[in-house]
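Asker: Could you look at this predicted model? Sequence included:
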Amino acid sequence: MNRFLHFLPLFVLVFLVAILFSLLGKENNQLQSVLVEKNFPSFSLPSLDSQETLISEKSLKKLPALVNVWATWCIACRVEHPFLMELNNDSIIPIYGLNYKDSREKALRLLDAIGDPYEFSIFDSKGKLAIDLGVYGAPETFLIDKKGIIKIRHVGVLTPQIWNEKFSTFLNE
């Protein structure tokens with residue numbers, strides 16, 4: 001019994017390391033949102049273009065659509081930006097931006113410099129809508145169906161491969 005107690009900390013450590021590695025092995029872009037298969041949350045926030053222009057869930061008129069969470073401080077957002085521009089240029093699906101915890105001036109300058117793939121961007125400086133969506137970082141992309149239901153949540157950079165595997169199949173249904 002005494003020998004067992006000497007090895008107990010080692011067994012506990014090995015067990016905890018095994019749990020840690022099993023959690024790290026899961027891809028974070030596969031995490032499901034509790035909002036998948038639920039209505040897009042209600043909100044009222046200013047447009048990125050104008051503090052006076054309020055946008056709500058009723059403003060998302062062209063559906064199905066993507067809602068893309070982005071920020072100027074987000075390096076991964078710049079990586080996915082050319083693909084969003086391609087989707088916009090090909091008129092495949094409307095894209096609405098959700099500018100997350102950012103500076104309005106910096107965001108407008110960035111879109112002016114590298115192009116604006118969005119129908120419009122919602123300015124969420126405090127992250128209120130992002131919290132309601134369960135966002136924990138940028139970029140994240142949500143697919144909203146024609147009834148306003150969230151069908152897909154993708155955490156991370158949206159690439160052509162991910163688009164073809166997850167999103168385009170939904171649009172072809």
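Answerer: Sure, I can see it.
Asker: contacts and neighbour counts: CA atoms only from here.
Answerer: Noted.
Asker: in the sheet, who's paired with the spatially most central residue of the chain?
Answerer: The centre of the chain sits closest to Glu140, judged by C-alpha atoms, centre = their mean, with a distance of 1.3 Å. Note on Glu140: beta-bridge partners by DSSP bridges are Val69, Val155.
Asker: Can you give me every residue that contacts it?
Answerer: Glu140 makes contacts with 68-70, 153-157, as judged by C-alpha atoms under 8 Å, 6 or more residues apart in numbering.
Asker: let's go with 10 Å and repeat that
Answerer: With contact taken as C-alpha atoms under 10 Å, 6 or more residues apart in numbering, Glu140 is in contact with 29, 67-70, 77, 98, 130, 153-158.
Asker: Glu37 too?
Answerer: Applying C-alpha under 10 Å, 6+ apart, the residues near Glu37 are 144-145, 148-152.
Asker: could you redo the last one with a cut-off of 7 Å?
Answerer: Contact analysis of Glu37 by C-alpha atoms under 7 Å, 6 or more residues apart in numbering lists 149-151.
Asker: cool, Asn88 as well?
Answerer: When contacts are counted by C-alpha under 7 Å, 6+ apart, Asn88 touches 94, 117.
Asker: what is the rounded mean pLDDT of stretch 122-133?
Answerer: The average pLDDT within stretch 122-133 is 96.
Asker: quick one, strands of this structure?
Answerer: 44-46, 54-56, 65-70, 95-100, 121-124, 140-144, 150-155 (DSSP state E).
Asker: what helices or strands is the fourth one leaning on?
Answerer: Using 3 or more C-alpha pairs under 7 Å, 6 or more residues apart in numbering; DSSP states H and E as the contact criterion, the secondary-structure elements in contact with strand 95-100 are strand 65-70, strand 121-124.
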